[in-house]
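K.L.:
quick one: sequence and predicted model below, then my questions.
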Amino acid sequence: MSDHTHDISKHRKTYIMVGAILLVGTLLTFALDHFESIDLKKRAGMLVATIAALSIATIKGGFVAGVFMHLNDEKKWIYWVMGFTALFAIGMLGLTIWSMKDIPGQGNQFDRTTGLPIVEKVSGK
Amino acid sequence: MDIPFTTKARPDTGLYNAKLGIWLFLASEVMLFGAFFSAYILLRVGADPGTWAHGLMNVPIGTFNTFVLIASSVTVVMAWAALKSRNYSLYRNCMIITIMCALGFLVVKSFEYAEKFRHYEVWMKDGSRMTGHIDYDDGGVKKHAYFWSTKTLIKKKIESISFTSDDANQWAPGQYYPPMTKEQLEHVKKYADKGPQHHAVVTIKSADIQRLSAFVPAHSTFFAIYFTMTALHGVHVLGGAIVLSYFLFRGRKMWQTDPDRFINRIEVGGLFWHFVDLVWIFLFPIMYIL
Amino acid sequence: MELVDKIKDLMSFPPVASEHGKSMDDFIVYVHVLMAVLFVGWFAYFLYALFRFRHVKNPKASYTGAQTSFSTYAEVAVAVAEVILLVSLAIPLWATVVDSDKFPTEKDKPLVIKVTAQQFAWNARYPGKDGAFGKQDIKFVAPDNKFGVDKNDPNTKDDFESAINLMHVPSDRKVIIHLSSLDVIHCFKVVPLRITQDAIPGLMIPMHFKAVKEGKYMITCAQLCGNGHATMRGNITVLSQSDYDKWEADIAAKAKDTATSFE
Amino acid sequence: MQTAPHIDIQHGAHEQGHEDLGFWRTYIFSTDHKVIGIQYGVMALVFLFFGLMLMLAMRWQIAKPGEPIPFFGPTMAQIFGDVAAKGIMSPDLYNTFGAMHGTIMVFLAVVPLGFAAFGNYVVPLQIGAPDMAFPRVNMASFWAFFVGCVIMVASFFIPSGAAQFGWTSYSPGATTTPGDGQTYWLIGMIFLITSSLLGAVNFIVTIIQLRAPGMTWFRLPFFCWAQFVTAFLLLLAFPPLETAGVMQLMDKLLGTSFFLPTGLFVGGNPADISGGGSPLLWQHLFWFLGHPEVYVLILPAIGMVTEIIANSIRKPIWGYKSMVYALLVLGFLSFIVWAHHMYLTGMGTKISTFFQATTMIISIPSVILLTCLFISLWGGAMRFRTHTLFALAFLPMFGIGGLTGLPLGFNYSDILLHDSYYVIAHFHYVVAPGTIFGLFAGIYYWYPKMTGRKMNEALGRVHFWLSLVFMNLIFMPMFAQGMAGMSRRMSNGGASYASDDGVIGLTVEAIKSNTSISHAAFALALAQIPFIINFFWAMQKGEKVTSDNPWDSTTLEWQTPTPPPHGNFDKPIEIFRGPYEYSVPGHPVDFVPQNEPDKKN
Ligand code: HEA
Ligand code: HEA
Ligand code: CUA
Ligand SMILES: [Cu+2]
């Protein structure tokens, strides 16, 4: 990043702008939940509400990381480190969820009463 | 002996030591909170239907606290920018606001916690549940009960409790998952002296109670992870506030002796502070809204 | 194949009493052959190098050293061998053990058992003649009802439990076990049957096998579960189908006139 | 050439211009990486000894279940009370010792010795840095470690005794077992993890930022590379265990149920908990650390062995670059193989195929590392000093350990071998005659740099040959035991599974070999006596080194005064070549230090 003073005052404006965006994002999240007329959870379902809330959070987070933490213009070592970190964090989550889902008999593949596999469910799918 | 690159960047990496150091530390923090978020998702996806506590958080307060943290994030980056343009007094003011915000956040959070510790859920033996407050008589003085549980009832040999249930309207569908049925509402009526109106006071016999728990970590996996994650986040806020206060007060001598290094310190402290903000930005929707 | 059997004798394998056990032992032998080839090859080279290039004999070291691409071949060979073992044996064989579409179905007439581990014993529940279990729910679980059976369900009537730690299964017939645990993680391992499965509280994990040799085998707990872990021993008896029927009739009759009956 | 040994034993000369910090700041609360390295080393050796003693008690119990422990029995009865009544080890105490042997060996002995002690002492010297990048963080890291150690040790003396549920501390067992041992374990671990994280940040920054001019990445000694990758493993794999530790602590103290499922029983009664947790979550988070952790144990040792072999054979390491790449691939892959410890938790085909495949792929970089070291031997002029012997023995021992990882890595064979003594033998081959031999090699090799004196060769050889023989006599028969179906963590050595009245279980031979294994273990302990004597004797009486570079080595740590002063190098240092320029043709001596200027320019 350049250290010149006139750049800094330009940056200051950016920071305030980003602050404003963050506030708006927060208000939006609040509004989507709070007002009867737009209550997303009730009107559009949990899935949509989740996607909306997390998308807003991701955008906000992106601004904080990108502008406040200067990740939009960093040195390559930091990109490497944070890139691998993100990869491993996602791997940890993804593989763990996958492991927990892929346990035979956790779905309804077995009949509760007889304990036998339900043929259509198992092979027909 | 001097360690190289404490102030100036190393030419081939373009970084000074502390900056690389803080990013590496943040990388480990990403894994730490990443594991918590993974745990949250797994516990939530794996929860039996109806056992994930919903809608028990105070969303306006959470929103307010989000504002507070965002504001502090703006001021901390402004503080750094002010130092870059050698404007110490602007820096100082920004930093003071930042620290005030941090403390404000913690104060609000502690009130929020305290409010939860005297808020209860009771599971009746017949399968119905309700939330509210418990008052008890302490030598003629009416007091809120904190931290009670089924064990407390047994230990103190309490035969019945006076339960101020939450706003009757809140029992409407949406409050619980699955929503409270008509029969359940009927049931609540049965226990109510005055019927399910605003803040109905219900007398519940201990013998009818399956389980009683304040909104403490042991209440449910939701509160378990809510308290663990927000407390850990709170510790980060506190730690950040202490470090920033140090820079503001005892560490300010360095501005005279080694201003470049001082600016670096503020940048590094700021990076940590932004990260704490970033974590909250995700905590807010998943804990309060969803 | 004779060679494989010879190697097996050398490797102190325990006796095999299940259908899939042989393929498992064979597979272990193949892996060990690969390991032995690698080890013997490298070790011989290693000793030779130590001997030949000792300081006294070879006082001046060569800056360039070996001019070889042998290592690449060796590494590729190891990789290829591993891929072959993985793709042609390990993955498909594992699938036969755990995939739900490889489980015996109704037409195989398997025996289904529910096993619940506790500190420090094995409980087994059989569906009885009708082949149907009574409903189970955790809310019924109590010290005297470890499986949480709904005693009002008609299917419960002829269900029975075998004596604690003593299970019986017929030979030459598929068996399905649904495995769970009450308190901590245990591991259901019967070495001669070549079956191992963790018993995890909160999960009900199915497994299947077919015993082919009659006899009494030990059930080992293979997961640390507390101070009684080492003594958490059960026996599983593999009987001929007719003996098994007799045992079943016997125990069902006994259950009727004792307190363990669920009527 | 001007590499005329720079003899300098008058330490005083180097201390000029340094303020006198006094005893406490110099030796206890020091920020000097060399002092901190030695502090770590001392702690780690003490705990290595501690772990060894725990193991001896366990081995006694395995071989002679129910018989009082000789010599130490009465003392143990006094310290531990009922669980060691009459000096007889109860299953509870056995479990405690087992869990703490694993924990202490892994987190308090081998990692501190390999990564922290040698790393601290050697890495800044090898890259030509005056100190670590953050000396005060370095000190904080040591003291966090120290607090963690104190808590772990203290837990032995609380009434309920130390943790009992294995070093893996699987929930629900670890949570529901009464007593505070597990709580101490968790708090101790949180300190140890914090220490490791601080250390890891410090190492990475030091290696990236403080390399001396000319020290490019491919001139970095392999040991530094190993430390670099290890530090990343610690940095990114440890935090999830910290998370899991905090959650288990909550379960233990505040009654949450992160790892406790609905309907759980405790001691035969329904538990008073909300339920809804997942026992498997703990295992995932634990092994997400657990597998990278095993590479944390092995990589520093491989690094040291590489340094020592290059020095002993007097020629460059063959395939240095491919070793570096193999190391990086290994580091990356170690994050995505963890669930091979969990094949039998009910995994389906798809996910276990994934983990199986990554496990097989990760063995390839290990093969590359070993192959390069083997091929390096070709054409050498090998000098067999004690450190050489240990370094060379490391190779086949790690080979056996690594190769026996394969049948465990294939899930189909893991069905028979899981949690049997085969696993115990597998990993002890990598950590005991593997890593520990590597660490011994490191101690013998760098001892002169740290103390100015050499350790005795004759005692060293006795130590080596006896250790080699007894290590193999201990762990080789365990493969057979495991194959025969002997489970691990048996407080009576499997006695209750002995074949009797026609029930087919463990064979008598499998159980009998417990005795000979235990005898070998006791002999191994005795074989350490020459080492301990040597270690202390050499400090006072060992042969003084006459040169700063007694092994004629090329790397930078030997180009400093002995021992190096505060700030390490007495003159600015610049690097001109790779790390292993031994026996360069046309050069008068058989080594060219990295900082020796090129003559032609
Ligand atoms: C330093 C420690 C270390 C190392 C390096 C390894 C390396 C490997 N480990 Fe091991 N492992 C442990 C420590 C280690 N392990 C521990 C502590 C446990 C038990 C934990 C517990 O449950 O308590 C364990 C358990 C364990 C299991 C779980 C078993 C079970 O519980 O059922 C598995 C399964 O896949 C496994 C696999 C592997 C594999 C495939 C490798 C591979 O990385 C190995 C690759 C190496 C090679 C393939 C060797 C190549 C060499 C040559 C080809 C040359 C040969 C030359 C000569 C012999 C002269 N290990
Ligand atoms: C780095 C790890 C490490 C190391 C080095 C060792 C070393 C040894 N271990 Fe251990 N072990 C584990 C990690 C380790 N172990 C783990 C993780 C477990 C599983 C625990 C669990 O189940 O949860 C285990 C379990 C375990 C068991 C199985 C217990 C059971 O399942 O019931 C056994 C049984 O024989 C055993 C034996 C040994 C032996 C004989 C050694 C020998 O190799 C010891 C050799 C030691 C030395 C040679 C030390 C020499 C050094 C000194 C004497 C210091 C000198 C001091 C100064 C100079 C000051 N270990
Ligand atoms: Cu049950 Cu071990
Ligand atoms: Cu592993």
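P.N.:
Arrived safely, thanks for sending. Numbers count the residues shown, from 1 in each chain, chains lettered A, B, ... in the order given. Ligands and ions are numbered 1, 2, ... in the order given.

K.L.:
when you work out contacts or count neighbours from here on, use the C-alpha atoms and nothing else.
P.N.:
Noted.

K.L.:
where does chain C have low pLDDT?
P.N.:
For chain C, the stretches flagged by pLDDT under 70 are C:1, C:255-263.

K.L.:
find the residue at the geometric middle of it.
P.N.:
C:Ile195 (1.3 Å; Cα atoms, centre = their mean).

K.L.:
identify the residues contacting that residue.
P.N.:
Contacts for C:Ile195 were tallied using Cα atoms under 8 Å, 6 or more residues apart in numbering or on different chains; they are C:188-189, C:209, D:415-416.

K.L.:
one more time with 6 Å
P.N.:
The neighbours of C:Ile195, taking Cα atoms under 6 Å, 6 or more residues apart in numbering or on different chains as the test, are C:Lys189.

K.L.:
now do the strands in chain D.
P.N.:
D:265-266, D:269-270, D:453-454, D:503-504, D:543-544 (DSSP state E).

K.L.:
quickly find the element holding the nearest residue to D:Asp92 once chain neighbours are set aside.
P.N.:
Closest residue to D:Asp92 apart from its sequence neighbours, by Cα to Cα, 6 or more residues apart in numbering or on different chains: C:Asn227 at 5.2 Å. C:Asn227 is part of no helix or strand when elements are defined by DSSP states H and E.

K.L.:
so the residue of chain A found nearest chain C: helix, strand or coil?
P.N.:
Residue nearest to chain C within chain A (Cα to the nearest Cα): A:Thr114, separated by 4.6 Å. Here A:Thr114 is recorded as coil under DSSP: H, G, I helix; E, B strand; the rest coil.

K.L.:
ditto for B:Asp135
P.N.:
strand.

K.L.:
returning to what we had before: the strands of chain D: which one's closest to ligand 2?
P.N.:
Ligand 2 lies closest, by Cα to the nearest ligand atom, to one member of those: strand D:453-454, at 14.5 Å.

K.L.:
need the residues that contact the closest one.
P.N.:
Contact with strand D:453-454 is made by D:448, D:542-545, as judged by Cα under 6 Å, 6+ apart.

K.L.:
mind giving me the PyMOL select for the residues you listed, buried ones only?
P.N.:
Selection of the buried residues among the contacts of strand D:453-454 in PyMOL, burial being defined by 16 or more other Cα atoms under 10 Å in any protein chain shown:
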select buried, chain D and resi 448+542+544+545
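
K.L.:
closest to chain B among the contacts of strand D:453-454?
P.N.:
The closest of the contacts of strand D:453-454 to chain B turns out to be D:Pro448 (Cα to the nearest Cα; 24.2 Å).

K.L.:
nearest residue to that closest one in space, ignoring adjacent ones along the chain?
P.N.:
D:Pro448 sits nearest to D:Lys454 (Cα to Cα, 6+ apart), 5.0 Å away.

K.L.:
now that neighbour, which residues is it bridged with?
P.N.:
Legend: beta-bridge partners of D:Lys454 under DSSP bridges are D:Glu543.

K.L.:
tell me the spacing between it and C:Glu214.
P.N.:
Counting by Cα to Cα, to the nearest Å, the gap from D:Lys454 to C:Glu214 is 66 Å.

K.L.:
higher neighbour count, these two?
P.N.:
D:Lys454 (23 against 16; other Cα atoms under 10 Å in any protein chain shown).

K.L.:
quick one, domains of chain C?
P.N.:
C:2-101, C:106-261 (automatic domain parsing).

K.L.:
okay, and B:Leu280 sits in which element?
P.N.:
You called it Leu, but residue B:280 is Trp. helix B:259-284.

K.L.:
can you tell if that helix touches chain D?
P.N.:
No - residues of helix B:259-284 are not located near chain D by Cα under 6 Å from any Cα of the partner chain, the shortest gap being 13.5 Å.

K.L.:
ranges for the strands of chain B?
P.N.:
Here chain B has its strands, by DSSP E, at B:120-124, B:129-138, B:141-144, B:160-165, B:201-205, B:209-214.

K.L.:
would you turn these into JSON lines with distance to D:Ile309 and mean pLDDT?
P.N.:
Putting the strands of chain B into JSON lines (distance: least, Cα to Cα, whole Å; pLDDT from 0 to 100) gives the following:
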{"stretch": "strand B:120-124", "distance to D:Ile309": "67", "mean pLDDT": "84"}
{"stretch": "strand B:129-138", "distance to D:Ile309": "70", "mean pLDDT": "83"}
{"stretch": "strand B:141-144", "distance to D:Ile309": "73", "mean pLDDT": "86"}
{"stretch": "strand B:160-165", "distance to D:Ile309": "75", "mean pLDDT": "80"}
{"stretch": "strand B:201-205", "distance to D:Ile309": "78", "mean pLDDT": "74"}
{"stretch": "strand B:209-214", "distance to D:Ile309": "64", "mean pLDDT": "88"}
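
K.L.:
so which of those strands is nearest ligand 3?
P.N.:
strand B:209-214 (30.4 Å).

K.L.:
in chain A, which ranges drop under the pLDDT threshold?
P.N.:
Scanning chain A for pLDDT under 70 picks out A:1-6, A:120-125.

K.L.:
next, count neighbours for the residue of it found nearest ligand 1.
P.N.:
Closest contact between chain A and ligand 1, by Cα to the nearest ligand atom, is at A:Ser99 (15.8 Å). Per other Cα under 10 Å, the neighbour tally for A:Ser99 reads 22.
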